[in-house]
Each structure stands twice: as C-alpha cells, then as structure tokens.
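[1] how would this look folded up:
(chains A and B)
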Amino acid sequence: MKDTWAPTLSRLLDDDDVDLGALAAALETSEGRQLLVQFAGLRSAVRRDDPRPSAAFCQRVDAELLRPDAADVGRASGSVTSRGRWRYELAAMLAAGLLLGVAADTWLHRAPDAPPAANRVLRFEAGEWTSAQGVQR
Amino acid sequence: MSRAVLLRAALAVFAAFTVSAHSEQSPGMAQTSAVEVTLTAVTTPINGAARQSGTSSANLDVGTSATLGFAVPGSLCERAIGGRNVVDATAQHAWTVSLTLVSAQIDKIAIDVAVERQDGQPLHVTKREVRHLVLPEGAPHVLDFIEADDEALAACETKNIVLQVSAAMVERPVVAREVLDYDLWFTHADSSGRTVTRHAAVTGLQGHRVDFRFKPVRWPLQTLVPAAAADLSIDEDVSGAIRGRLQINGTIDVSLTTSRRLLHTYPDGSWGATGHEGGQKNFSVHNGETVRLELPEPGGSAGLKSRDGSTMRANYRDLFAGHAASVIVRVTRN
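    Next up is the predicted model:
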C-alpha cells in the first residue's frame, strides 16, 4: 500500500482537493478501496458519537469532587513530594521520548548501503543496446 | 458528510475506475500526443563559437503536420526563420521543412520530415528528400549545412549555418512543476557472487532529462585473471541520464539511458578506453516502484601494458564471463 493513498482518500472524504493520479492509483487496488470503505465507516462513527459527556458521567464526577476527603488531596506533605517526583518522572519520560525520536529519525534517514529489492526486472531488447567496440592495441 | 460530498466522492470513484479501465486497454507506455517540433539555425562566426541564431516551432498532435521555413536573402548574416511564408523570391537560399508527427513516447518521437532546398536567383529547387526520424526529446538532427564562400565572407563574418530539427513533449500545465526523485544503483556481481554496489541520487523536474554518474568500479586484473600483472586494472565507468513524466493515470513514464566504458591506466599515467556501449530503455512505473535493468555483457578487447613492460590482451567477454551487472532505479514523486 502506498503511503500517499491514505491522505488522498482522507482528503477526498473531507471534500478537499486531491491528486487525481494518486486517487486513481489507490482505487485501482482492492487495498485502496477497502481503505476508502474504512474511512467512510470511521467518519460515520465519529458523526454518531456525541461529543458531550452523558448526564450519568457528570453526576459521578460531581460526586467524586464533592467527597469530604477530596479537598485534602495535595495538602499533605507526602502528596506534594509524590507530585514533585511525578514531575521528574514526566520530564525523564519526555527526554527519553525525544531521544528515541531523534534516534528513529537518524535510522530512517541513514544512508542506504544496499539497493532496494526490485519489483520488476527488465532487459535491453535487440536494438535498444548498441555496442561500438574498438580493439585497442 | 453532506449528500453533495458523497455524490462528488462517488463521481471521483467512477472517474478513477474509468481512467483505470482506459489505461488497461493500452498497456505499456502512455501515449502523449502534443509535441513541439523546432527548426533551429546554428550560426558559426569566422572567429568564435557556434551559437543558436534563430528558431521556429509548431505544436503537433499525432498525425498532424506543420511547415516551417528558413531563408537567407543575401549574405549569411541576413536570415529569416518562421513559417513557409519566409521563403520568397528575394531569397538566395531557402529551405521549406514539412514535419509530420508519426508517434510520440517519452524520449522516442517519430517524425517524418520533408525538406525542399532552393538556391540561386531566381530560386530553383536543388534538393528534395524525406527523412523518417526517431529522436530523443530535445536532441537535434542536422538537416542541412551552408558555408559562405570567400566573396560572401568579405561582407559578413558568418562562416556557416547548420539547420537542424528537434522535438519535445509539451508538458501538461497541471504537472509541469512536479519534481521527481530518482534513486539509482549500479550493481556488479562477479562469477562467485561477490557484489560491488554504487549509488547515485538525482532529482529533476517532470519531463526534464537528468544526468547521473556512478563512481567507477575498479577491477584489479588479478581478481579476474590470477596470472595477470599486479599493477593492471580496469575501471568500469557507468553513467547515463533519466527522464520521467507523470501520466494522467498516476503512473510515471521513464526513459533510462545508460552507457558503460571500460578504462585502463597505462604506466605513463595516460588512460584509454575501447569503444562505447550503451542503450535506452523506456518503461512505465508506479510511484515508488523499483525496477532493475540488466546490462548486456561487455564486448571488445584491449592490449594492456604493465610497468615491467609485459603486455596482455584483455578480452572483456572472457574477463567478465559469469558476471552480472544491473542498474536499479526507483522513481518517487517528491
């Protein structure tokens, strides 16, 4: 599957301008057509999904926030220490993620040392290759 | 999603299948009909380099014709180029060139050219001929040549004029600024399967020819013939040019021209090569598809001389028996 198919089909469903060549290439294959159907289904599911939380969910959140011990969270010294440690852990995770991203980018853009596998093999036919050989003495 | 959007999507799907069905009816290279044919006058002065001094062009579809003209009214410094109407009774020399487009593929344009030359005063036909040409895009074919005599040179510093014709595809405006990346590899495996690899990456505008060259592969002769002198070697130099053009159905037409030379360095530091071999291959690929093009085995021979004075006859077909060389190309829309 070509990496241009998904954005092209997505743009089509978003009513944006699309590259007709890429669209034609995508729709020529069963994979591309299946992808189009998946995207259409996803769009449909998103439209059906109500972005507002349900009333029951709101009630449960209110109940949790209004519990008597809820206001004490964060006031105890132990909780502050825990929160500080959490910040350090978050910073460490972000740094690790950044390093991982840089490493992945470097790996992806490394100078290739071997040719890619060929999808097709062609040969020069008669008349396509000329040879004007001299004999050097 | 609105009904209008769904309708547009359905239409796009229908159009895509229609294009697909059409492309399947004519497998292989897509045919592009619009071609610009150009008549060019190249002038050489008595004291400098040749330069293009006039052009006239016409756009043709397959099966259609156009007539272009070139006239020299007086000395070679007076020139008129354009349609057939530039040829009139005042000319001393005149050419009427009728061009018919027979077929058009990437880097392979077939045109029939009928040339009529007239000379003298009054003008009279001195030559008529028809040529059937198959030209790479933009490559000139010389039709005729005129040189000034000593008397004419006194009045004008033009020594001669070459009249030539060329042809090139007309790019579709919607893709004329598309950029294509060409990832190129040269691989050469010896008889034991050991492979040497070279890589080149070039980029070019849609329809433009882009040159490439691989770093030469040095073959110490002892690796090919154990009895050879240690200081003898052959450099395999592979280079070429590539041109790609996006088609309406999303495929890319490619013309790959490649050549191979086998070079030798002599004890005095000079070098030489025997002959020249190469070819052009046209094919069509999908975006990002990789194609391997196998090169024919080399031919010819050379007399090699070592520093100790010994000589050896190198027959390339024997030296490279069992070897396999290829150019691998992957074309990607930038």
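
[2] Can you show me the helices along the chain?
    Going with chain A. Listed from the start of the chain, chain A has helices (DSSP state H) covering A:5-13, A:20-27, A:30-48, A:55-65, A:77-108.

[3] meant chain B actually
    Along chain B, counting by DSSP H, helices occupy B:3-25, B:150-155, B:221-224, B:316-319.

[4] On the pLDDT front, check A:Ala111 for me.
    As predicted, A:Ala111 sits at a pLDDT of 51.

[5] for the stretch 151-300 of chain B, which spans come out with low pLDDT?
    The stretch 151-300 of chain B contains residues with pLDDT under 70 at B:152-154, B:267-268, B:274-275.

[6] Figure out which of the helices of chain A is closest to chain B.
    With CB to the nearest CB as the measure, helix A:20-27 is the member of the helices of chain A nearest chain B (3.3 Å). No exception for glycine: its C-beta is placed from N, CA and C like everyone else's.

[7] And the helices of chain B, which one averages the lowest pLDDT?
    helix B:3-25 (a mean of 39).

[8] How is the chain partitioned into domains?
    Here I'm looking at chain A. Per automatic domain parsing, the domain ranges recorded for chain A read A:1-49, A:52-107.

[9] Please refer instead to chain B.
    Using automatic domain parsing, the domain parsing of chain B gives B:35-169, B:174-333.

[10] Stretch B:283-301: which residues count as buried?
    B:283-285, B:287-293, B:295, B:298-301 (16 or more other CB atoms under 10 Å in any protein chain shown).

[11] Those residues in strands, which ones?
    Counted as lying in strands by DSSP state E, out of the buried residues of stretch B:283-301, are B:283-285, B:290-293, B:295, B:301.

[12] Kindly indicate which of these lies nearest chain A.
    B:Arg292 (3.7 Å).

[13] doesn't A:Arg123 make contact with the closest one?
    No. With contacts counted by CB atoms under 8 Å, B:Arg292 stays clear of A:Arg123, the gap being 9.6 Å.

[14] Output the helices of chain A in a markdown table; the columns should cover mean neighbour count and mean pLDDT.
    Shown next, in a markdown table, are the helices of chain A (neighbours: other CB atoms under 10 Å in any protein chain shown; pLDDT from 0 to 100):
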| stretch | mean neighbour count | mean pLDDT |
| --- | --- | --- |
| helix A:5-13 | 19 | 80 |
| helix A:20-27 | 23 | 82 |
| helix A:30-48 | 13 | 78 |
| helix A:55-65 | 10 | 80 |
| helix A:77-108 | 10 | 70 |
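
[15] Let's have those helices in CSV, adding distance to B:Val125.
    Output for these, formatted as CSV (distance: least, CB to CB, whole Å):
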stretch, distance to B:Val125
helix A:5-13, 59
helix A:20-27, 50
helix A:30-48, 61
helix A:55-65, 96
helix A:77-108, 67
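
[16] okay, these in CSV with distance to chain B next?
    As requested, these are exported to CSV (distance: least, CB to the nearest CB, whole Å):
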stretch, distance to chain B
helix A:5-13, 6
helix A:20-27, 3
helix A:30-48, 6
helix A:55-65, 28
helix A:77-108, 15
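
[17] Which of the ones you listed sits closest to B:Ile46?
    helix A:20-27 (52.5 Å; CB to CB).

[18] Between helix A:5-13 and that closest one, find me the angle.
    Compare the direction of helix A:20-27 with that of helix A:5-13 by axes from the mean of the first three to the mean of the last three CA atoms, to 10 degrees and you get 110 degrees.

[19] Can you give the distance from helix A:20-27 to the centre of its chain?
    Here helix A:20-27 shows a centroid-to-chain-centroid distance of 21 Å under the convention CA atoms, centre = their mean, to the nearest Å.

[20] what does stretch B:262-282 give?
    In terms of CA atoms, centre = their mean, the centre of stretch B:262-282 is set 20 Å apart from its chain centre.

[21] just stretch B:39-55 next, same as before
    22 Å.

[22] if we can go back for a sec, which pair in the buried residues of stretch B:283-301 spans the largest distance?
    Farthest-apart pair in those is B:Asn287 and B:Ser301; separation 43.1 Å (CB to CB).

[23] that older thread, so for A:Leu98, which of the domains of chain B sits nearest?
    domain B:174-333 (28.9 Å).

[24] so how many other residues sit close to B:Arg194?
    By other CB atoms under 10 Å in any protein chain shown, the residues close to B:Arg194 number 9.

[25] Next, find the distance separating it from B:Ser57.
    The gap separating B:Arg194 from B:Ser57 is 52 Å, by CB to CB, to the nearest Å.

[26] And B:Ala89, by the same measure?
    26 Å.

[27] Nearest approach to B:Gly83 belongs to which of the domains of chain A?
    Across those, closest to B:Gly83 is domain A:1-49 (CB to CB), at 36.9 Å.
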